[in-house]
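# sequence first, then the predicted structure:
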Amino acid sequence: MQKSEVFTIKIIINTPGSYISKSGECFLLTTDEKKVEISAKKVEQILITTAAALTTDALLLAVDNNIDVVFLRYNGKPFGRVWHSKLGSISTIRRKQLMLQELPLGLQLTKEWINCKFDNQTDFLKKLLQNRRDEKRRTLIKGAINKIEELKTKLNSLDKYDNIDEARYTILGYEGNVGRIYFQTLGQLIPGKYKFTERSRNPAKDQFNCMLNYSYGVLYSQVERACILAGLDPYIGIMHTDNYNRQAFVYDIVEMYRGYMDEIVFKLFSTKKVADEFFDPVEGGIYMNQDGKKLLIEAINKAFETKIKHKGRNIELQNTMQYDCHEIANRILKEVEG
């Protein structure tokens, strides 16, 4: 559980067998070791990452207080959530979202989000450059930054396309190339024991990617929540196609925030906080166990509560997603006719 400067709490349930019930206007958290009461007025979100019991009275308390309840798989990816039935995108925004794949605004928004991703990646590499004295590593980082900036220039030169459908595969190509350059560089900069050559997903082939995958899963849930509260439909994508049961719009805008997760995870490895005991072997790779999840979630929550400069404002990192989603919703309402 993390308490922020504005006295809101995010409850993370990662102890198997935990029990959440209602006690007056409080949540009662029960484990084998202790019982804790937390006022619902102080809770903004409940994340359940393991086998736990949750009473319907506790769920009703969460709903009545607009508290987001998210259920995460073992790899960190949300598989279900409960929120207030009054939340959800208004019909006007949904209708206009559907039009974005055919309009110049859809392409413009996509380019802005990918630009933000590229900027975050180069900013992180520049931070790493400041702390490196070895000339070979400095040359590696500088080369990666230059290549990413070249591809960013190409992305911003896509003037011949009128909509995202025409430009999608070109953009995916640039994004894929940047991703390979970026992660190959991180793989060489991470402490020697944890070096890797490429991104690997579920199951991950190495410990860094395993932890990174889980952090992205937590991030998806935060972005989805921000979309819903802003009135955006998480399933109506622009860059990513809106296949059945896939939060395509979440995958679109999550690109702006992945760099923050990369930095959090890299810091855990570079400061020697990660232990081999945090991972368990599975067929085809490894997964993170409860001890690893606890370390990572605590690091993410601490980073989320850190204030950063964002579009002229000093706000907590976790609030940038909500701020951006409201801004996107307003642009769609104002700039899309119909």
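Structure's in. What do you need?

# what residues of the host helix or strand of residue 281 count as buried?
Assigned by DSSP states H and E, residue 281 falls within strand 279-282. Neighbour counts over strand 279-282 (16 or more other CB atoms under 10 Å) mark residue 279 as buried. Using the backbone N, CA and C atoms, a C-beta is placed for each residue, glycine as well.

# by contact count, what packs against the next helix or strand after that strand?
Proceeding N to C from strand 279-282, the next assigned helix or strand is strand 285-288, under DSSP H and E. Strand 285-288 sits against helix 207-230, strand 279-282, with contacts defined as 3 or more CB pairs under 8 Å, 6 or more residues apart in numbering; DSSP states H and E.

# so how far is strand 285-288 from its chain's centroid?
20 Å (CA atoms, centre = their mean, to the nearest Å).

# list the buried residues of the next helix or strand after it.
Moving toward the C-terminus from strand 285-288, the next helix or strand (DSSP H and E) is helix 290-304. Residues 292-297, 299-301, 303-304 are the ones in helix 290-304 that count as buried (16+ other CB under 10 Å).

# okay, those residues in a markdown table with distance to residue 203 and pLDDT next?
Output for the buried residues of helix 290-304, formatted as a markdown table (distance: CB to CB, whole Å; pLDDT from 0 to 100):
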| residue | distance to residue 203 | pLDDT |
| --- | --- | --- |
| 292 | 14 | 94 |
| 293 | 15 | 93 |
| 294 | 20 | 92 |
| 295 | 19 | 95 |
| 296 | 16 | 95 |
| 297 | 19 | 93 |
| 299 | 22 | 95 |
| 300 | 21 | 94 |
| 301 | 25 | 91 |
| 303 | 25 | 94 |
| 304 | 26 | 92 |
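
# out of these, who's nearest residue 212?
Of all the buried residues of helix 290-304, residue 296 has the smallest distance to residue 212: 9.5 Å, by CB to CB.

# the closest one and residue 288 touch, don't they?
Yes. Using CB atoms under 8 Å, residue 296 makes contact with residue 288 at a distance of 7.2 Å.

# what is in contact with these two at once?
Taking CB atoms under 8 Å, 6 or more residues apart in numbering as the contact rule, the neighbours common to residue 296 and residue 288 are 211, 214.

# most tightly surrounded among the helices and strands packed on strand 285-288?
helix 207-230 (a mean of 23; mean count of other CB atoms under 10 Å).

# show me what secondary structure element comes after that one.
That would be, after helix 207-230 and using DSSP H and E, helix 248-253.

# so which bits of the next helix or strand after that following helix are buried?
From helix 248-253 onward toward the C-terminus, using DSSP H and E, the following helix or strand is helix 258-270. For helix 258-270, a neighbour-count test (16+ other CB under 10 Å) marks 258-266, 268-269 as buried.

# using TSV, lay out those together with pLDDT and distance to residue 109.
Putting the buried residues of helix 258-270 into TSV (pLDDT from 0 to 100; distance: CB to CB, whole Å) gives the following:
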residue	pLDDT	distance to residue 109
258	96	17
259	95	18
260	95	20
261	97	22
262	97	23
263	96	24
264	97	26
265	97	27
266	97	28
268	97	32
269	96	34
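
# any idea which of these is closest to residue 198?
Nearest to residue 198 among the buried residues of helix 258-270, with distances taken as CB to CB, is residue 262, at 14.4 Å.

# that closest one is in contact with residue 124, isn't it?
Yes. Between residue 262 and residue 124 there is a contact under CB under 8 Å: 6.2 Å.

# any regions of the stretch 51-200 of the chain where pLDDT drops low?
74-77, 83-90 (pLDDT under 70).

# tell me where the stretch 51-200 of the chain has helices.
56-64, 91-99, 104-130, 135-155, 164-189 (DSSP state H, counting those that start in this stretch).

# closest to residue 318 out of these?
helix 104-130 (15.7 Å).

# next, count neighbours for residue 131.
9 (other CB atoms under 10 Å).
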